[in-house]
Structure formats: structure tokens, C-alpha cells
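**Student:** What would the 3D arrangement of this be:
(one chain, ligands or ions: 2)
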Amino acid sequence: MLDSNLATLKPKQRQAVEHSEGPLLVLAGAGTGKTTTITTKIAYMIEYLGVPPEEILALTFSRDAAKNMQQKVQELVGRRRDVNVSTFHSFCAELLREHPDECGVSENFTIYEDMDMAIYLHRELGIDSKKAAHYSSSISKAKDLNLSMKDFEDYIDGKKEILYKFSSEGEWEQLYHDYKVNLNTFHLKDKSEQKALKEEKKSWQEFINVYDEYRKYQDFIDAWKSYEDKKSSINALDYGDLNYIALQYLDTYGTEELNDTYRYIVVDEFQDTNYLQFELIKRLTAREQNVTIVADPNQSIYAFRGAYTDNIEEFKKQYDIHEDDIVAIDVSYRSTNKILRVSHELIQNNYSDDRKSECILLKNHEDNEGDNVVIQETLDDKEEARKIAEMVDWCAEEGTPLEDIAVLYRTHSQGRVVKDTLQRRGFPVSVKENTDFLKLPEIKTALAYLYVLNNFTHPTPRGTESWWRLFHYNNSLDRSDSIKIAEYIKNNRTTFQDVIYHHLDELGISDRGLEIINSVKQSIAKLFEKTIYDISDLLLEIYDYTGLVRQFSGSDTIRNREALLNLRKLYENAETFEQMHDRDLSGFIAYLEILDEMDGNPSAANITDDNAVNLMTIHSAKGLEFDTVFVINMADNRFPLKRGGKEPLIPYELMEQYRDIFESDFSSEKELNKAIDARKKQLKIEEERRLCYVAFTRAKNHLVLTFSDEYNGSDSGPSDFLYDIGFDESFEDCDTLDDVTFYRDTENKAKELVMDDDIEREKQRRRELLMDSMGSGNITEPLKHLLVYQELVNKEDRDYLEEIKSNWSKIN
Ligand code: ATP
Ligand code: MG
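**Tutor:** Residues are numbered from 1 along each chain as shown. Ligands and ions are numbered 1, 2, ... in the order given. Predicted coordinates:
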């Protein structure tokens with residue numbers, strides 16, 4: 001096996017494989033066979049050079065990638081050999097467990113993920129869940145960037161010094177207040193006075209800015225400190241600690257033992273290592289420098305986790321690598337020339353004019369031109385999904401196995417519509433992860449009961465919303481009754497719960513309505529008795545009592561099986577929670593909210609055949625390849641992604657990538673801020689573009705980029721990345737450029753094309769959105785859903801909706 005594999009390698013790949021001692025850098029583009037080369041190299045070292053397998057350590061990024069590499073090596077050497085293929089994190093964790101005393105940790109430490117951190121901050125320090133999530137991601141980012149708490153403290157000290165110039169510490173709060181008042185009343189003063197106070201005004205503003213910054217970081221550090229205390233008291237470590245402690249251990253006790261064990265180090269995807277990981281590589285190669293590193297700087301997509309692209313330059317310096325020694329491969333064994341040219345068109349925008357020549361255009365190994373890249377525009381996201389289903393159908397007819405087709409997207413939630421559509425059309429799909437767990441109907445219903453039960457002791461807005469859902473799920477109230485309740489809530493600024501427990505008599509609800517409400521109240525009372533149970537048991541009661549399990553046990557469809565698995569997952573989550581924390585309901589609810597906030601939801605169940613269309617985020621597609629790749633949602637704000645989320649709490653002054661800005665002179669604060677903003681934008685767009693490049697270069701033969709004019713009912717436009725590759729607004733319905741063909745399909749009203757079940761689903765969805773938003777006290781949301789819903793329903797329903805609409809307009 002190894003022999004035949006070696007025979008297929010091209011001279012440069014072969015050169016990398018046969019290079020035996022000393023450092024080696026393979027710097028090559030996507031699909032040039034980097035992973036293949038280093039995997040073969042490991043096998044070659046074992047079989048041809050007689051290196052004992054246990055002396056080889058291969059480091060890579062994800063567990064999946066590690067598993068793949070391990071498997072491949074085994075195939076090549078024909079039997080199980082003990083090469084250690086590991087991720088950086090698990091390697092460090094292993095090291096700590098082997099030397100607990102020296103590392104100052106207990107052998108059976110648990111690993112705290114960002115989520116656990118946030119839960120602690122939220123539950124024990126009472127920090128609200130959004131902020132807790134923000135703090136926890138900031139702490140891990142700080143650790144990834146190798147920033148210590150001391151760095152932050154020094155930063156704050158700098159701020160304090162400025163504040164001292166205004167007054168002694170005791171008076172800052174008062175001063176802050178006074179200056180705010182001064183600023184707020186400034187416009188009331190007459191012109192001449194304003195002029196006289198011009199300089200003072202500047203200093204008030206300065207004080208306020210600095211004091212805000214000071215407080216922000218002081219609060220953050222306080223929380224961070226208490227989190228560190230907590231961790232050590234319960235024997236836990238977070239990911240940042242693993243790396244850091246491993247290094248400390250090696251620096252204190254020396255690298256002898258490690259260097260005895262591992263004499264050959266191989267690293268894949270080096271462009272994604274952070275500072276500490278590179279330090280670790282240095283320790284691993286302290287004695288012998290037998291290290292092979294493969295990297296593609298254009299595929300660096302983890303800067304947000306502290307990946308440090310300068311590491312490649314650092315590597316050259318550290319190991320004294322000359323340009324001639326670098327193995328550079330400019331042939332792709334994966335993609336067609338057309339795909340390669342389009343990808344190059346895109347990524348070269350990341351290079352300044354004087355560096356454009358460094359951006360290498362790859363060539364297909366057989367000089368295969370291939371088919372044009374397709375850009376498909378559609379009317380809306382449902383249409384986009386339908387179009388993809390249609391194209392998947394063609395591919396299947398042409399004989400492409402479904403597993404060789406991938407649909408890629410920027411964020412998990414963007415994949416939802418396509419997943420549903422493909423499944424409805426009968427295509428098996430395999431979804432790598434899906435964080436929309438809490439939004440699944442079966443989960444929402446089960447949780448609605450938990451929220452309602454919790455609402456008696458710990459009222460929350462979600463508790464209020466849940467009452468509506470509960471009635472909607474069980475047995476819908478009459479329309480007029482619903483309106484009466486909504487109206488009462490609005491007029492009396494009260495809650496659903498309050499109304500049905502204390503004011504039912506005043507509303508004139510129909511007899512049928514009263515009956516329904518009372519039966520729901522009864523079931524809640526019964527369930528309430530069970531709240532002394534463990535939450536997992538309480539959930540089982542809910543599943544049983546509400547008929548949820550029965551509902552999905554009826555017929556054996558994929559959807560039903562998935563729903564049951566999802567309910568099971570929720571149950572297992574409750575069990576996990578009970579093991580880690582105390583068993584109270586509000587705690588579990590906080591836990592779920594944090595999971596949601598941190599994108600850490602359990603994955604929804606996904607039942608698939610082996611031969612299924614792959615759906616995944618671009619991040620998860622790293623290193624993989626498919627015959628046909630769809631990159632969907634290539635639209636404004638969606639890709640490059642415009643995130644509403646907060647940036648991590650790291651002062652720009654402390655970040656390497658901003659250092660030069662702080663070292664240069666700016667005429668004013670404003671100029672400095674402008675430079676920071678510009679840098680921020682640039683870094684962000686470049687990283688997104690690299691991500692886009694990763695997406696494009698996953699394709700072997702067919703690449704289809706889709707976008708629609710409308711998402712969730714709001715107008716949208718094409719992604720900037722499409723302009724990068726030659727897209728033009730003025731294109732006609734079917735235009736062909738050199739490498740790209742553009743199709744526009746926006747004439748047909750989506751509605752006319754939809755199948756009946758689509759209408760039903762959409763109706764159902766809108767109805768749910770409508771019901772959910774009704775309790776929120778906000779009128780525009782429900783109205784928006786109502787209007788769409790109205791379009792979809794028949795005449796009879798329309799009259800009813802008219803009625804609600806006019807009632808609502810009366811209420812408001
Ligand atoms: P990425 O940058 O995406 O991680 P890579 O550089 O690691 O890609 P590989 O995944 O190793 O590239 O290889 C890409 C494809 O090319 C694989 O299908 C691999 O089997 C094939 N390949 C690699 N080298 C050769 C070769 N010499 N001849 C034929 N096919 C090859
Ligand atoms: Mg690779």
C-alpha cells in the first residue's frame with residue numbers, strides 16, 4: 001500500500017516525505033496534498049527509516065482530523081501502529097495527567113469549557129447571562145492570546161494614573177456623576193459661556209471615557225479572579241490553562257523526558273496555531289529539530305481564537321529555514337482550473353498591490369479546466385433551498401454519490417432551510433452540527449412546561465411567553481378568548497399567568513375557553529407537585545403527561561424518530577446538569593439559556609443513511625473535499641458575516657495585531673480611533689475572505705454559489721465576495737464570463753411555486769411566531785407575522801385574522 005502510494009506522489013511531495021532529519025516547512029495551497037504528504041511521511045519513517053512509531057507525534061486541530069490521519073497511517077503501514085496523533089489540547093491534557101504533582105493539578109481534574117465558565121459567572125456571581133457569556137469568551141480569548149490577568153491589571157493601572165490627575169480615588173464616582181451632568185446641561189448655557197468652557201468640556205469627556213473603560217475592565221477582572229478561585233477549588237482547568245500549565249511544567253522540569261519520547265514531530269494546519277501552541281512545538285523540538293510543518297496562510301481561519309499568522313514567519317526564523325528549503329507546491333490534486341482561478345480571484349484581494357505576486361495561482365494536476373463556477377440568484381431563501389434540492393437531484397441523476405455533495409454555510413442557523421427542504425424532498429442529509437436545538441418544536445414544547453413551572457417561583461419573560469405556547473400546543477383557545485386575554489394583559493400591564501389565575505372572571509371568557517384554561521391549570525398543578533423530583537424525572541413526567549412521546553411514537557418516520565431522540569437528548573442534558581450542579585429548576589433554566597447564548601446547544605438528532613448529502617459550516621469543512629460544493633447564503637451581512645455579538649473584552653493596546661498603531665504618532669485621539677477601526681475592519685474582512693477561500697477550495701469538480709434577494713422577509717443583496725470574483729449587478733438572466741456562469745431566477749413569485757406542504761409548514765411556523773410574539777408586549781412583531789400568515793390562509797381564516805388585526809389596532 002505504502003509503495004503504491006509513494007509512487008503516485010509528485011517530486012516535491014516526495015521530497016517532503018524523504019526529508020528525514022531537521023526542520024521542514026511545507027508551505028502550499030489548498031488541495032496540494034499537504035495532509036496526504038505528511039501522512040505518507042509518517043508511514044515512510046516507520047517502514048523505510050525504521051523509526052519506532054511511538055517516537056512520532058502528529059499534532060492537528062480537530063479530533064476528526066486526528067482520527068482521519070490515524071486511520072490513514074494504519075492503512076498505509078497495513079497494521080495498527082502506535083503513532084500518537086493528537087490535538088494540541090488533548091496532548092497537553094495528557095501531559096498534565098501524567099505529571100499531576102509537578103504541574104500542581106490533581107490527576108482527575110475536569111475540563112471546564114467556556115460554557116461551564118459562563119454558568120459559574122452567571123449562577124454564583126449573579127452576572128446576567130449575556131454578560132456572563134461575554135466574559136467567559138473574553139477570558140478564553142485572553143488566554144489564547146497569552147495575555148495574563150496581570151496584563152489587564154497593568155492596563156487598568158494606566159487608566160488609573162490618568163484618573164488620578166483629575167482627583168484622588170475616593171472622588172471618582174462623584175466626579176463622574178458631576179461631569180455627566182455638566183455635559184448633559186451644556187447646551188443650556190449661552191454661547192459665550194460655552195465657548196469659555198470649551199477646554200473643560202474636553203476634559204470632562206476624557207474623564208468619563210477613561211472612567212468607563214476603567215470600570216469595565218475592573219468588573220471584568222473581578223469576575224475573572226473569582227472564576228479562577230472557583231476553578232482551583234473544584235479541581236477544574238479550562239482549555240487555556242492546559243496549554244499554559246504544560247508549558248510551565250516543561251520550563252520548570254525541563255523537556256528531557258518529552259524529547260526522549262518524541263523524536264519526530266509533524267504538524268498539520270500550522271497556520272491555525274496560537275502563540276502558546278507554537279511555544280509548545282519549540283519545547284517538543286528542544287533537543288532534535290525533526291519537525292515537519294505544513295501550512296497554508298490563506299486558510300488561516302482561527303484568528304478569533306488567537307491563531308497567530310506571524311507564526312509562519314516566526315517558524316522560519318526560529319528554525320533558520322531559508323526560502324530554498326521551503327517546499328512550495330503549486331499544483332492542486334483536487335480542484336479544476338476554473339475553481340482554482342475563481343478562488344485565486346477571491347483571495348488575491350487579501351494582498352496589497354506590492355505583495356500580489358506572493359499570492360500563487362494553483363494549477364490542476366491534469367490541467368483539467370472543468371465546468372464554470374455557477375452563481376445562482378433566487379427570490380428568497382426558500383427558493384434558494386428549492387433550487388439546491390433541484391441541483392442535488394441533477395447531480396444524483398448524473399451519478400454523483402450524495403455523500404460527495406456538500407452544502408456549506410457561514411453559521412449553523414443558515415443551514416436550516418436547506419436541511420428541511422432536502423429532507424422533505426426525500427434526500428438523506430448528514431448535518432455535522434446543528435445548534436438550533438432549543439428551537440426545535442418538540443424541545444420548545446417540553447421547555448415551555450419547565451418555564452411555566454419555574455415562573456411561579458422565578459418569573460421571567462420567557463416564562464410569560466411559554467404560557468402562550470402551552471395553550472397553543474395543547475388545545476387552542478378560541479380566537480376571541482385569546483384576544484380578550486391579550487387585551488387584558490396589554491391594558492393592565494400584567495402577565496398571562498396573573499390573568500388566568502386572578503382575573504378570569506373579569507374577562508368574559510367563553511365556557512369552552514374556561515374549560516380549557518382550567519384543565520391546563522390542573523395539569524400544571526399536577527406537574528407542579530412533581531417539581532420536587534430531579535429535573536430529568538420531571539421531564540419524563542412532562543413527556544408523558546403532555547402526550548409528547550405518544551405524539552412522536554405514532555408512525556415511524558424519520559422526523560418522529562429524530563424528535564424522540566431530541567427529547568432524549570434534553571433528558572440527558574438534565575442528567576448532566578444534575579451531576580454538575582444542584583438540582584433546582586431555575587438553575588437548569590439558566591443553564592439552558594447560557595447554552596443558547598454560547599452557541600453550545602446539544603446537536604439535534606440527525607438520522608442518516610451512509611450515503612447522504614453533507615451539510616456543515618465552513619469551519620467544519622476544513623481539510624475535507626467533495627465532488628460538488630454549494631456555498632449558500634452568499635449574501636450581504638450573511639457572508640462576510642455581520643455579527644451583532646460583542647467583541648471580546650481585550651484592550652486593543654494589548655493585541656499584537658494593533659501594536660504598530662499604538663507605536664505610531666497620531667495627531668489626536670480621533671485619528672487613533674479611526675486607525676483602530678480601519679484595522680479592525682480589515683482584519684475581519686480578510687479572515688472572512690480566507691474562510692470563503694476555504695469553502696471554494698473544498699470543491700473538486702463543481703462549485704455553486706447561491707444567494708437570494710430576501711432572507712426572512714427582509715431585502716438582501718449579493719455578498720462582497722461575489723463582486724470579488726467578477727459578479728456584476730448588470731448581469732442578465734444567464735450571463736457567462738470566463739469562469740463563471742450567472743443564473744437569475746427571481747421572476748416567479750415564490751408563492752406560486754410552493755407545494756402544498758410548504759404552505760402548511762409556513763402557516764404553522766408563522767402561527768408559532770405569532771403566538772410566541774404575542775406575549776412579548778411588542779405589537780410590530782405579531783403584526784408582521786400576522787400579515788404573512790394572512791396571505792397563506794383561506795378565506796374563512798382571513799376573516800378571523802381581520803378581526804384580530806382590528807382588535808390589535810384598537811389595543812394599540
Ligand atoms: P487542504 O489545504 O484543503 O488541507 P491538502 O493540501 O491537505 O488540502 P490533501 O487533502 O492532502 O491536500 O489532498 C487533496 C487531494 O489530492 C486528495 O484527494 C488527495 O488524495 C489527492 N492527492 C494528493 N497528492 C496527490 C498526487 N500526487 N496524485 C494524485 N492525487 C493526489
Ligand atoms: Mg489538509
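
**Student:** would you list every one of the strands in the stretch 1-150 of the chain?
**Tutor:** Using DSSP state E, counting those that start in this stretch, the strands of the stretch 1-150 of the chain run over 24-27, 56-60, 84-87, 110-112.

**Student:** Nearest approach to Ser137 belongs to which of those strands?
**Tutor:** For the strands of the stretch 1-150 of the chain, proximity to Ser137 was assessed by Cβ to Cβ; strand 110-112 is nearest, at 13.2 Å. Yep, even glycine has a C-beta here, placed from its N, CA and C like the rest.

**Student:** Number of residues surrounding Gln574?
**Tutor:** Just so we're on the same page, residue 574 is Ala rather than Gln. By other Cβ atoms under 10 Å, 22 other residues sit near Ala574.

**Student:** again, but for the one 3 residues further on
**Tutor:** Using other Cβ under 10 Å, the number of residues around Phe577 comes to 21.

**Student:** Name the helix or strand for it, please.
**Tutor:** Element membership for Phe577 (DSSP states H and E) is helix 558-580.

**Student:** circling back to that earlier point, make TSV out of the strands of the stretch 1-150 of the chain and add mean pLDDT, mean neighbour count and distance to Val631.
**Tutor:** Listed next are the strands of the stretch 1-150 of the chain as TSV, based on pLDDT from 0 to 100; neighbours: other Cβ atoms under 10 Å; distance: least, Cβ to Cβ, whole Å:
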stretch	mean pLDDT	mean neighbour count	distance to Val631
strand 24-27	95	24	26
strand 56-60	95	24	24
strand 84-87	91	20	27
strand 110-112	77	16	34
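
**Student:** which stretch among those comes nearest Tyr239?
**Tutor:** Proximity to Tyr239 (Cβ to Cβ) singles out strand 110-112 among the strands of the stretch 1-150 of the chain, at 7.2 Å.

**Student:** so what strands line up beside that closest one?
**Tutor:** Paired neighbours of strand 110-112 in the sheet (DSSP bridges): strand 236-238 (parallel).

**Student:** Tell me which residue of the stretch 401-550 of the chain lies closest to ligand 2.
**Tutor:** Closest to ligand 2 within the stretch 401-550 of the chain is Ala406: 15.7 Å, counting by Cβ to the ion.

**Student:** Would you agree that residue is in contact with Ile632?
**Tutor:** No. The pair Ala406 and Ile632 does not pass the contact test of Cβ atoms under 8 Å, sitting 10.6 Å apart.

**Student:** So which of these two has more stuff around it?
**Tutor:** Applying other Cβ under 10 Å to Ala406 and Ile632 shows that Ile632 carries more neighbours, namely 28 against 23.

**Student:** Please determine how far the more buried one is located from ligand 1.
**Tutor:** To ligand 1, Ile632 is 20 Å away according to Cβ to the nearest ligand atom, to the nearest Å.

**Student:** ok, now which ones touch that residue?
**Tutor:** Contact analysis of Ile632 by Cβ atoms under 8 Å, 6 or more residues apart in numbering lists 384, 388, 407-409, 414-415, 418, 706-707.

**Student:** Quick check: phi and psi on it?
**Tutor:** When quoted as degrees, to the nearest 10, the phi and psi of Ile632 stand at phi -100, psi 170.
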